[in-house]
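# The following block contains a protein sequence and its predicted model.
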Amino acid sequence: MRERAGSAADLLPMVFARPAEALARARALLSSAPPPHDASVAHQVIGIWERDFGDLTVAIGHLRRARSLARRSGSPDREADALAALGVAVVHAGRTAEGLACLDAAAVRGDSLTAARVLFRRGRVLWILGRHREALDDLRRAVPVLRAAGDTIWTARALTLRGLVHLSFGAIEQVDLDFSAAERLWELTEQDHDRVLAVWNRGSVAYRAGDLPAALRHYDEVAIRLGALGTPALALYIDRCAVLLAAGLAEEALQEADRAAALIDQTRGQATVKAELVLVAAQSAMAAGDPGTAVARALTALRLFTSQRRGWWEAHARLVLFQARVAGGRVSGRMVGDIAVLAARLARLGSPETVQASLLAGRAALALGWASDADRHLAAAASGRHRGPAPARADGWLAEALRAAAAGRARTVFHACRSGLDALDEHRLTLGASELRARATAQGAELAAVAQRAALRSGDPRRLLVWSERWRATALAVPPSRPPVDQDVLRDTTAYREITGRVEAARSEGRPAPALEREQRRLERAIRARTLRSRGEGTAEGRPFDPRALLEELGDGWLVEIVDVDGDVHVLLCGRGRVRRFQAGRVADAAGEIEHLRAGLRRLAYEPAPAGPAARPSGPAAARLLALEAGARRLQETLLGPAVRHLGPGAVVMVPPGRLHGVPWAALPALRDRVLGVSPSARAWLRAKRVPAPAGGGVVLVRGPGLATGGGEVPSLAGAYPAATVLRDGTATVSAVLAAVDGAPLAHIAAHGDFRADSPMFSSLRMDDGRLTVHDVEGLGRAPYRIVLPSCDSGRLAPVGADELLGLAAALLPLGTAGIVASLVPVSDEAVVPLMLSLHDGLRAGLGMAEALRDARRALPGDPGHQATGWSFTAIGAA
């Protein structure tokens, strides 16, 4: 007996077209004392809604009632349909055997069309369980029947599911065929919810193909459209977290996965979805460098998948568990064997993670000194270097590099590392957002490190320089993409400035403003999400780094590149036609000294100057100055070691790794009286050196609100630059400042700065109408050729990825700025004024930024406050 026509039968397709309306109509139907058949349909609709969007326990109760009423109705088709829906819900609750038994029983009830619909549901459950080949078998039987019956909705669903199963095998061409056929069918229906799922699926394809901006665009669209339908999908967090993880945003992915898993507990949602979220959390903790948390999450996921009888997923949870234990130093011979067995199992399952498992087995064998075992496992992993998306190929090249390094084949090491990093460049340049490009370099860190070790063993300093440059500050080589500005962007940025201004006003008055702060965070998320979706259009620099070009450009000057190889500091001293290597201290030892030195500068910057021109510092100030100078000498020995004794006369450019960009280099004794600049990389310094100065334009002077001195240097500078554009006292708005500095030869912005370690792209300068952020700076057509930023922390940068930097200064360099003077620590407004005036005296006399800053330091009074202020500033770039 077929389903009865009428309003009750219409409810089932409606639950995935207009879910809220279907739920309301089902409840209304039950209130009218319907016959068993119609009551069964109503309970099934409510059960499906609760299963997918609400409380799973409530869902199972309704679905059991639907099955019972269906049996009373005497309709085999109605009973099969209700039983299949119940089976899906029971599997989602983690009771796999019971759920599959329901589906098996449903498959032999009813006519051929009903059986085909049941096979689709069983296929979906088998896909969730990771039993992909069995899922394909069910779908191959179901699709022809559904097509022959002209069942548009269920055919589209089956084709969509078949595409997802093919996606699990990496069969992208077949995926596209199935999804395209399903999308054509969906256009013939009014299934709004199902059409949104088609967009979701396209996001999954983009992710697997390595197109992260497209994946984020699709997932954001899905979230908006599901929200409009009133059907939240916590499973979307799984896919979104996977994209964040691939983009290098591991901590953010971990937080999102943990929040979503907790929400499932609160709402009694699907246990199957929770298990997958916990697995994503484990993977994210691993990528974030927290193997302890990764072990805990992986064990939880393993327990959940095992209880749910989800073998495919259990194998992947076991892989993360092994990865975390190896990262934590827990390696044994038995573990090598267990990982090898797991790799073989993943290969049988057709998992894309097979390469990762073989790579892990090879690493573990290397750690134990088992050369032949390591070679076998790494050879298996290296077989993946010629197939799949770029990040997967890079893993294969890493395996080849490790294998060659163990065998002492240096040429093969360099070839493998070069090929792997080239593959990651291909992936990285698809990302338009500078934040994503910087963070995505994390995957290449080990490839770069393997090459650096091989270069170090070769004894050739030039080769070490070339490989140190290969994966350093790469995000600064290409300007960020600029997506078209739409009304949503303008609305959010305008609202953000207004809200941040109100938050600051409330804080200055001592008033709590939790609602405003929540709105500020919401706007930050919206602006950032839109930026992350932008697609890259840049190309990699074609030629490898050439040390000869650097040495020629240096002339009589020096470039000191500091390289971290396995925690040891190696100093590459470039100049006078040579590259020499010296070994200094340990990076870990330098980290503590850097923080002490920065803290000392902050304290001294606010020391009052001694009375009288000849007065000497005494008491606590003098003691703090002595302690600071002693710390500077220790830091110099740790970071420069014997290289400092070979540093001849001439200007010096310091090129530290990302972790050491907060060093106040001018405080080190050997550099204190030098013309001293800093650059993120030697390549970046060469680019800055070759930036042509603009032929026209003038000086721009900006004074923001709330400065203790009232921006004391700006009126004096306005007199020194009569033709300057001066923005102050209400005219220094974000839009006016951006318009004025775009392409200017020289800009000076005296404004309070705020470095955001939690979100470097929202580091900002305070203007009259709100915050000017890094996102705003990235919208410039061309950044000013030279810029002076005397505000607190304006030169501070956040190290991310492998060896990348984010922050205000980092945003300016790829946009055409050749020279920046900025502070590395908070400074006293009063002490900054004479330094800035002297700096501009030098610039007007034709000096470069670094030389003018050196002379400005010399001109400062000798008290601790002024000296600390001078040492707190740095010249970045080459102009």
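Received, thanks.
# Assumed residue 799 was part of a helix.
No: counting by DSSP: H, G, I helix; E, B strand; the rest coil, residue 799 falls outside a helix, being strand.
# Excluding sequence neighbours, find me the nearest residue to it.
residue 658 (3.4 Å; Cβ to Cβ, 6 or more residues apart in numbering). In this view, the C-beta of every residue, glycine as well, is placed from N, C-alpha and C.
# Repeat that for residue 744.
In this structure, residue 744 finds its nearest non-sequential neighbour in residue 784, 4.3 Å apart by Cβ to Cβ, 6+ apart.
# who are the neighbours in contact with the one you found?
Shown in contact with residue 784 (Cβ atoms under 8 Å, 6 or more residues apart in numbering): 700, 741-747, 812, 817.
# for those residues, which one is nearest residue 298?
Closest to residue 298 out of the contacts of residue 784 is residue 812 (41.9 Å), distances taken as Cβ to Cβ.
# What separation do you get for that closest one and residue 658?
Residue 812 sits 17 Å away from residue 658 when distances are taken as Cβ to Cβ, to the nearest Å.
# Make a markdown table from the contacts of residue 784 and add neighbour count and pLDDT to it.
Shown next, in a markdown table, are those (neighbours: other Cβ atoms under 10 Å; pLDDT from 0 to 100):
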| residue | neighbour count | pLDDT |
| --- | --- | --- |
| 700 | 23 | 96 |
| 741 | 26 | 95 |
| 742 | 18 | 93 |
| 743 | 16 | 92 |
| 744 | 22 | 94 |
| 745 | 16 | 95 |
| 746 | 25 | 96 |
| 747 | 25 | 96 |
| 812 | 27 | 90 |
| 817 | 25 | 93 |
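# of those, closest to residue 333?
When the contacts of residue 784 are compared against residue 333 (criterion: Cβ to Cβ), the nearest one is residue 812, at 53.1 Å.
# Low-confidence bits of the stretch 701-850 of the chain, can you list those?
Applying pLDDT under 70 to the stretch 701-850 of the chain flags the ranges 710-711.
# Please enumerate the strands of it.
725-727, 746-750, 753-754, 764-767, 770-773, 786-789, 798-800, 804-806, 819-823 (DSSP state E, counting those that start in this stretch).
# Among those, which comes closest to residue 78?
Going by Cβ to Cβ, the one of these nearest residue 78 is strand 798-800, 57.4 Å.
# Would you mind pulling the contact partners of that closest one?
248, 435, 438-439, 442, 657-659, 661, 755, 757, 760, 805-807.
# mind running it again at 10 Å?
For strand 798-800, contacts defined as Cβ atoms under 10 Å, 6 or more residues apart in numbering pick out 248-249, 435, 438-442, 475, 656-662, 755-761, 763, 804-807, 810.
# Can you turn the buried part of those into a ChimeraX selection?
Only the buried entries of the contacts of strand 798-800 go into this ChimeraX selection, using 16 or more other Cβ atoms under 10 Å:
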select :248,249,435,438,439,440,441,442,475,656,657,658,660,661,662,755,756,759,760,761,763,804,805,806,807,810
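# Could you list the low-confidence segments of the stretch 1-150 of the chain?
1-7.
# I'd guessed residue 528 sits against residue 759; true?
Yes: contact criterion Cβ atoms under 10 Å: residue 528 and residue 759 qualify, at 7.5 Å.
# between the two, what contacts are shared?
residue 435.
# Tell me which residues touch the residue nearest in space to the middle of the chain, please.
Nearest to the mean C-alpha position of the chain, by Cα atoms, centre = their mean, lies residue 249 at 2.9 Å. Taking Cβ under 10 Å, 6+ apart, we find residue 249 in contact with 241, 243, 255-256, 284, 287-288, 435-436, 439-440, 442, 532, 800.
# ok, 6 Å please
Residues in contact with residue 249 (Cβ atoms under 6 Å, 6 or more residues apart in numbering) are residue 439.
# for residue 695, same thing?
Counted by Cβ under 6 Å, 6+ apart, residue 695 has zero contacts.
# now it: how far from residue 576?
Residue 695 is 34 Å from residue 576, by Cβ to Cβ.
# List phi and psi for the residue nearest to the centre of the chain.
With angles defined as degrees, to the nearest 10, residue 249 sits at phi -100, psi 60.
# Now for residue 569, which secondary structure element holds it?
strand 568-575 (DSSP states H and E).
# and that strand, what does it pack onto?
strand 558-565, strand 578-586 (3 or more Cβ pairs under 6 Å, 6 or more residues apart in numbering; DSSP states H and E).
# Parallel or antiparallel, list what pairs with that strand.
strand 558-565 (antiparallel), strand 578-586 (antiparallel) (DSSP bridges).
# Columns distance to residue 268 and mean neighbour count on top of the ones you listed, output as CSV?
Shown next, in CSV, are those (distance: least, Cβ to Cβ, whole Å; neighbours: other Cβ atoms under 10 Å):
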stretch, distance to residue 268, mean neighbour count
strand 558-565, 49, 22
strand 578-586, 51, 17
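# List just the one of the ones you listed that sits closest to residue 846.
strand 558-565 (22.2 Å).
# Identify the residues contacting the closest one?
Residues outside strand 558-565 that contact it (Cβ under 6 Å, 6+ apart): 452, 456, 468, 570-575, 587, 650, 652-657, 682.
# Buried only: go through the residues you listed for me.
So, by 16+ other Cβ under 10 Å, the buried ones in the contacts of strand 558-565 are 452, 456, 468, 570-575, 587, 652-657, 682.
# quick one on the thing from earlier: centre of the chain to the strand holding residue 569, how far?
Its chain's C-alpha centre and that of strand 568-575 lie 30 Å apart, by Cα atoms, centre = their mean, to the nearest Å.
# now swap in stretch 47-66 and tell me
Distance, centroid of stretch 47-66 to centroid of chain: 37 Å (Cα atoms, centre = their mean).
# Could you do stretch 441-457 as well?
Counting by Cα atoms, centre = their mean, stretch 441-457 comes out at 21 Å from the chain centroid.
# before we move on, the earlier item: which of the contacts of strand 798-800 fall within helices?
Assigned to helices by DSSP state H, the following of those qualify: 435, 438-439, 810.
# Any chance of TSV for the residues you listed, columns distance to residue 78?
Formatted as TSV, the ones in helices among the contacts of strand 798-800 follow (distance: Cβ to Cβ, whole Å):
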residue	distance to residue 78
435	54
438	57
439	53
810	64
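# Taking those residues together, which two end up most distant?
Checking the ones in helices among the contacts of strand 798-800 with Cβ to Cβ, the most distant pair is 439 and 810, at 12.8 Å.
# what about the closest residue to residue 122 other than its chain neighbours, how many neighbours?
Nearest residue to residue 122 in three dimensions, chain neighbours excluded: residue 103, at 4.3 Å (Cβ to Cβ, 6+ apart). Residue 103 is flanked by 26 other residues according to other Cβ atoms under 10 Å.
# picking that back up, got JSON lines for the strands paired with strand 568-575, with distance to residue 185 and mean pLDDT too?
Formatted as JSON lines, the strands paired with strand 568-575 follow (distance: least, Cβ to Cβ, whole Å; pLDDT from 0 to 100):
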{"stretch": "strand 558-565", "distance to residue 185": "56", "mean pLDDT": "97"}
{"stretch": "strand 578-586", "distance to residue 185": "63", "mean pLDDT": "97"}
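# In CSV: those, plus distance to residue 832.
As requested, the strands paired with strand 568-575 are exported to CSV (distance: least, Cβ to Cβ, whole Å):
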stretch, distance to residue 832
strand 558-565, 27
strand 578-586, 32
